[in-house]
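Engineer: build me a structure from this.
(chains A and B)
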Amino acid sequence: MEYSLFILITPFVLFLLLGLTGHKMKQNVAGIIGTVGMGFAAALSYMVAYQYFFVIGKTAGVFQEMIPVSFEWLRFTEKLHIDLGILLDPISVMMLVVITTVSLMVHLYSLSYMHGEKGFQRYYSFLSLFSFSMLGLVVATNIFQMYIFWELVGVSSYSLIGFYYTKPSAVAASKKAFIVTRFADLGFLIGILILSYYTGTFDFATLTANHAESVVTSMQGLSFMGLSVAAWAMALIFMGGAGKSAMFPLHIWLPDAMEGPTPVSALIHAATMVVAGVYLIARLFPVYIFAAPEVLTLIAYIGAFTALFAAIIAVTQTDIKRVLAFSTISQIAYMMVSLGVSGYGGHDGLGYMASMFHLFTHAFFKALLFLGAGSVIHAVHSNEMKDMGRLHKFMPVSSWTFLIACLAIAGIPPFSGFFSKDEILSAALHHDKLIFFTMLFVAGLTAFYMFRLYFNIFWGKEKAYDSHHKPHESPALMTVPLIILAIYSIFTGFIHFPEFISSDSTPFAAHIEWMHVAIPSIVVALTGIVIAFVLYFKGSEKPVQIAKSLGGFYTATVHKFYLDEVWMFITQSVIFKLICKPIAWFDRHIIDGAMNGLAWTTQKTSASVKGLQSGQVQLYVWVYVIGSLLIAALALFL
Amino acid sequence: MNILSLFVLVPVLMILFLFVCKSMQQIRTVMVSGASALMILAVTLTVMFLQERAVSNAEMLFTSSTMWYPSLNIAYAVGVDGISVAMIVLSSIIVFTGVFSSWNMNMAKEYFLWYCLLSVGVFGFFISVDLFTMFMFYEVALIPMYLLIGLWGTGRKEYSAMKLTLMLMGGSAFLLIGILGIYYGSGHSSMNLLEIANNLHIPIEIQRWVFPATFLGFGVLGALFPFHTWSPDGHASAPTAVSMLHAGVLMKLGGYGCFRVAMYLMPEAAHELGWIFLILTGISVVYGAFSAVVQTDLKYINAYSSVSHCGLVLFAILMMNRTAMTGAIMQMLSHGLMTALFFALIGLIYGRTHTRDIREMGGLMKIMPFASVCYVIAGLASLGLPGLSGFVAEMTIFVGSFQHADVFHRILTIAACCSIVITAVYILRTVGKILYGPVQDSHHIGLPDASWYEKVSAVGLIVAITFMGMYPSGASELINNSLMPIIEKLAII
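Structural biologist: Numbers count the residues shown, from 1 in each chain, chains lettered A, B, ... in the order given. This is a model prediction of the structure:
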């Protein structure tokens, strides 16, 4: 399967080609080159997936890991070296399919959406760079390769969020995204350092082999401040994952990242990059469960809290992209929770499987939601819900596909989200009741805020649209990707996931628990939808009244619980004013002052003693005589 | 004739040719051909070195020695190992690109005379293995700085030139004490580094005071806290190419000296007293980065960033293991290249906007796209983007330092790691402020983008940065194998 290397090489070559020569090309040419290239990579990914799962298949009942390409890139010590390579196993192959599919859809969609934008070629070259980095991340054979591509992903995200670089808000958002994730990456890096120091390897296979034997034995009995060193290392690595995957309290960059072009949000900030954290935990799952189970519990609780927190905020937002952003945070938190409550091996590993399953289905319906939102924004030239309403009759394709995605995310059978979310709830139920009920409640909230969005955009009251610029359905280049993704959102739920992906690569059977999980979750989701229908379908005054009656809580939610302000305070007032400024002052006045003082003292001293070197012979004789007399006197009296 | 001596001879010849030059055209011809010759020589040397090393296991290659002051055993002794080769390559790149960045200097002839003299000192320093000759070249490299800044500089140039020279001279005084200490401590029979390292021994009582003096002497040039304050003022006042050369190469003299003289000759004292300097360098790393965050002058930002990055060099050297030291040398290369690029671009921007205050600029990406993109690349290299040189150097340092068996060292490493976040803050702040956003000053609209000679300089540096970032094992192996002698010496203790 050496040809899998071309999945990586293609986007990289495209990046160089479009980045270096793009400005000399016509826009369409650049766009088409980019799209065709991505199509090629997608075709290869599907081939790899087909071959991996169906042609090679299982050996001894499990899907084997394959490393078709690997070479040493940089050697640190005898044992530690960074290799670059391609690791094919069920989850990485699945990710290849997800990334290339969504990326191809976004490439296609952008041909029309970004048409005529200044910097169109640049846009495509960054899209290619992103695809390259993301693909490199998922096929990483070792943790350092993952870190390398992790950083590259961060930079491509930075450049795409700041695509409209003349807009100050976009610049600020891109900066924030980069710095917050960089801060999280610091944890990741330190985690890698600790882990590799004890185990002497970066290699995923060695780290996870035999129930993470290398980690467990090498760090046995070591503890620091009441926690085992292994737990510290894994918690720090999770910090990196939490940064990219926007877990509380590192989620603050994601809503702002919506400043980027909408297709970018669909690709990076919904379907692919933001699940990198989940993927990282999944990749190291055996290490977590055998060496640091307490961290896994932490992950479950942080996930559950984030899911709830983000869902509450999503209810009150009015910018449609922000609603989707918070919904993304909430859904990724589902995946985290699922990993957190999972066990290992066979049916115990249900949570692990469910997490990957949800990652898979979520990628398609969330990308669909974002692209649908883009289509709407394209039509009404606004992100605000108040400028939308009754769009169903103007843009039927967008409306229908959006509805499908909403049903999928709300967890209504037979749409894909139902199946994956159901497995997550099942896994939670058998692990921790508190988490189960939280997640169930969040499922209801999800259904509610998604349909609030849907009804507000496509139904509700018709707005006074400019008669010359009546909203109209987007061109085929945009609607075709919507339709394709809608098909994915309907059917991907029927894939029997445990057959392909499980915590120990051994297939198992999973059933829907109708009585305890499925029916309650459907009821909860339907309740959410019905409430949304009552409040928003016709457009009434009730929502405003409810908001008023909630008072302070509502305001706090609209302001995202003031977390942005808290971060602002920490960075601006504490770090900038209380650390950086004093240090700079200290440097200029104390350290440099000491140097200048030294120079000044030297000058003064020499000025005061220069009288002695006057060159007047009388003075010298005078000093000589007095001096001799003094010495003589001393000699006499002592 | 030894190929190494050519590195000194070429700049000397350039000086002679410059004397007879009549026009700007001729001066440029001399400079470009001379600098190209140095580049070619450096490449040839690398190739020859790699071939030679494959068959020989001598510590230094291409050695030769001519006694020129027998009563003190001072010889013109030359020789290179992988580390000096790496430094020579770096210097030739910076000298070459620096010529293009000073294309339109006034009083060009005089300027380039000093410029060539500085090159003589730099190359001479890296090829020497005789302590006194090394010291002599070191001084040759420092003195022209005074005139280059004092005459061709901007702002408070006299003050800065004086400050820089005096502080570095202060360092030299310590250094001289150190060198004499080494010479007499080892039994005043040789000034040759290899001779002292392999055959002679300096008693620990002497090492205890000679090591700090030497380390401090070189450390001043390597921007060791708290003796770094010449750097912000000096860089801010220096003309573009001088800043490039100074941050790119001269500051490396400090790191190289600490490594080659202080650590190599006095390993016992390094073990005993290293921790003091380790703390100082650790402070440099974080302190420099924090200071850079609030600066508003582009050159000050960069100068403090250099304090932080060069601090990392000394920090890694003091970790005394092979990986960390490899990282230190790689960081020297990487920092040299990217700071040179930064200063080249700052000079370019300043030449057009006549300001270096980031508050007075904005939206330059629209006005000078080429220069701005290069600036972003320099910034990304500085904050450690994989694929560019900064990443591989920093990661080698962090991984290497963390292998230290002592917990104190590992904790210090974690503290040093924090600088990667702060670096991101000040780089993105600067980039966001001056390149992105709306155009701040309407006078800036219509300013020309980089000219061809500025492009040569920027592209040359970017190619080098990318090459090193993509193919790090080249640099790593070149350096790594040459570290054995010093690692063995440090390990014996």
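Engineer: which residues are in contact with the nearest residue to B:V307 once chain neighbours are set aside?
Structural biologist: Excluding its sequence neighbours, the residue lying closest to B:V307 (Cβ to Cβ, 6 or more residues apart in numbering or on different chains) is B:G288, at 3.3 Å. Every residue, glycine included, has its C-beta placed from N, CA and C. The contact partners of B:G288, taken as Cβ atoms under 8 Å, 6 or more residues apart in numbering or on different chains, are B:A223, B:F225, B:H228, B:Y304, B:S305, B:S306, B:V307, B:S308, B:H309, B:G311.
Engineer: buried stuff in the lowest-mean-pLDDT helix or strand in chain B?
Structural biologist: Lowest mean confidence among the helices and strands of chain B (mean pLDDT, DSSP states H and E): helix B:484-492, at a mean of 82. The neighbour-count check on helix B:484-492 (16 or more other Cβ atoms under 10 Å in any protein chain shown) flags B:I486, B:K489, B:L490 as buried.
Engineer: partners of the longest strand along chain B, with directions?
Structural biologist: Counting residues, the longest strand found in chain B (DSSP state E) is strand B:61-69. Strand B:61-69 has its sheet partners listed here by DSSP bridges as strand B:74-80 (antiparallel).
Engineer: using PDB, write out every CA atom in the strand it pairs with.
Structural biologist: Taking C-alpha atoms only, strand B:74-80 is exported to PDB below (Å, rounded to 0.1, in the frame of the first residue of the first chain):
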ATOM      1  CA  ILE B  74      51.600  31.500  20.000                       C
ATOM      2  CA  ALA B  75      50.900  29.900  16.600                       C
ATOM      3  CA  TYR B  76      48.700  30.500  13.700                       C
ATOM      4  CA  ALA B  77      47.100  27.100  14.100                       C
ATOM      5  CA  VAL B  78      44.000  26.200  12.100                       C
ATOM      6  CA  GLY B  79      41.700  23.200  11.900                       C
ATOM      7  CA  VAL B  80      38.000  22.500  11.600                       C
END
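Engineer: what mean pLDDT does that strand get?
Structural biologist: Averaging pLDDT along strand B:74-80 yields 88.
Engineer: over to stretch B:403-421?
Structural biologist: So the average pLDDT for stretch B:403-421 ends up being 88.
Engineer: measure that stretch end to end?
Structural biologist: 22 Å (Cα to Cα, to the nearest Å).
Engineer: list the buried ones in that stretch?
Structural biologist: Buried residues in stretch B:403-421 (16+ other Cβ under 10 Å): B:403-404, B:409-410, B:412-414, B:416-421.
Engineer: ok, longest strand in chain A?
Structural biologist: From DSSP E, the single longest strand across chain A is strand A:66-75.
Engineer: okay, now the sheet partners of that strand, with direction.
Structural biologist: Sheet pairing for strand A:66-75, using DSSP bridges, gives strand A:81-88 (antiparallel).
Engineer: off-centre distance for the partner strand?
Structural biologist: Here strand A:81-88 shows a centroid-to-chain-centroid distance of 22 Å under the convention Cα atoms, centre = their mean, to the nearest Å.
Engineer: identify all contacting residues around that strand.
Structural biologist: Under Cβ under 8 Å, 6+ apart, the answer for strand A:81-88 is A:1, A:4-5, A:8, A:48, A:52, A:65-76, A:139-142, A:144-145, A:148, A:202-205, B:395.
Engineer: of the residues you listed, just the buried ones, PyMOL syntax please.
Structural biologist: For the buried members of the contacts of strand A:81-88, the matching PyMOL selection, counting by 16+ other Cβ under 10 Å, is:
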select buried, (chain A and resi 1+4+8+48+52+66+67+69+73+74+75+76+139+140+141+142+144+145+148+202+203+204) or (chain B and resi 395)
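Engineer: and A:K470, how far is that from A:M395?
Structural biologist: 11 Å (Cβ to Cβ, to the nearest Å).
Engineer: neighbour count winner among the two?
Structural biologist: Neighbours were counted for A:K470 and for A:M395 using other Cβ atoms under 10 Å in any protein chain shown; A:M395 has more, 24 against 9.
Engineer: dihedrals phi and psi, the nearest residue to that one once chain neighbours are set aside?
Structural biologist: Sequence neighbours aside, A:E473 is the residue nearest to A:M395 in space, at 4.5 Å (criterion: Cβ to Cβ, 6+ apart). As for A:E473, its main-chain torsions (degrees, to the nearest 10) stand at phi -60, psi 150.
Engineer: in contact with A:E473, which residues?
Structural biologist: Applying Cβ under 8 Å, 6+ apart, the residues near A:E473 are A:A379, A:F394, A:M395, A:P396, A:V397, A:S398, A:T479.
Engineer: who wins for neighbours among the residues you listed?
Structural biologist: A:S398 (27 neighbours).
Engineer: could you confirm B:Y426 falls within a strand?
Structural biologist: No: looking at B:Y426 with DSSP: H, G, I helix; E, B strand; the rest coil, it is helix, so not inside a strand.
Engineer: if we can go back for a sec, let's have the buried residues of helix B:484-492 in a markdown table, adding distance to A:I32.
Structural biologist: Below are the buried residues of helix B:484-492 laid out as a markdown table (distance: Cβ to Cβ, whole Å):
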| residue | distance to A:I32 |
| --- | --- |
| B:I486 | 56 |
| B:K489 | 62 |
| B:L490 | 59 |
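Engineer: pLDDT weak spots in the chain?
Structural biologist: You didn't say which chain, so I picked chain A. Within chain A, the segments meeting pLDDT under 70 span A:467-468.
Engineer: ah, no, chain B please
Structural biologist: In chain B (pLDDT under 70), the answer is B:1, B:492-493.
Engineer: just give the nearest non-adjacent residue to A:K366, would you?
Structural biologist: Per Cβ to Cβ, 6+ apart, closest to A:K366 is A:A270, 4.2 Å.
Engineer: helix, strand or coil for that neighbour?
Structural biologist: Under three-state DSSP, A:A270 comes out as helix.
Engineer: burial measure for it, as a count.
Structural biologist: Neighbours of A:A270 (other Cβ under 10 Å): 29.
Engineer: what does A:Q331 give?
Structural biologist: A:Q331, neighbours per other Cβ under 10 Å, totals 27.
Engineer: so it is in which element?
Structural biologist: helix A:320-340 (DSSP states H and E).
Engineer: who does that helix touch, helix- and strand-wise?
Structural biologist: Contacts defined by 3 or more Cβ pairs under 8 Å, 6 or more residues apart in numbering or on different chains; DSSP states H and E place helix A:320-340 against helix A:253-256, helix A:262-266, helix A:276-283, helix A:293-316, helix A:350-380, helix A:416-429, helix A:433-458.
Engineer: what distance separates it from the centre of its chain?
Structural biologist: Distance, centroid of helix A:320-340 to centroid of chain: 11 Å (Cα atoms, centre = their mean).
Engineer: does the least confident helix or strand of chain B reach chain A?
Structural biologist: No: legend: contact between helix B:484-492 and chain A by Cβ under 8 Å from any Cβ of the partner chain is lacking; minimum distance shown is 11.8 Å.
Engineer: and if you look at stretch B:147-156?
Structural biologist: No: judged by Cβ under 8 Å from any Cβ, stretch B:147-156 makes no contact with chain A; its nearest approach is 12.2 Å.
Engineer: in that stretch, which residues are buried?
Structural biologist: B:L147, B:L148, B:I149, B:G150, B:L151, B:W152, B:G153, B:T154.
Engineer: stretch A:438-449 too?
Structural biologist: A:T438, A:M439, A:L440, A:V442, A:A443, A:G444, A:L445, A:T446, A:A447, A:F448, A:Y449.
Engineer: contact partners for the fifth one?
Structural biologist: Right, the one you point to is A:A443. For A:A443, the contacting residues are A:A410, A:G411, A:K421, A:L425, A:S521, A:V524, A:A525, A:G528, by Cβ under 8 Å, 6+ apart.
Engineer: 7 Å instead, please
Structural biologist: For A:A443, the contacting residues are A:G411, A:K421, A:S521, A:V524, A:A525, by Cβ atoms under 7 Å, 6 or more residues apart in numbering or on different chains.
Engineer: for these, pick the one with the most neighbours.
Structural biologist: A:K421 (32 neighbours).
Engineer: what residues does the stretch 251-400 of chain B have near chain A?
Structural biologist: When proximity is defined by Cβ under 7 Å from any Cβ of the partner chain, the stretch 251-400 of chain B lies next to chain A at B:287, B:290-291, B:293-295, B:323, B:363, B:365-366, B:380, B:385-387, B:392, B:396, B:398-400.
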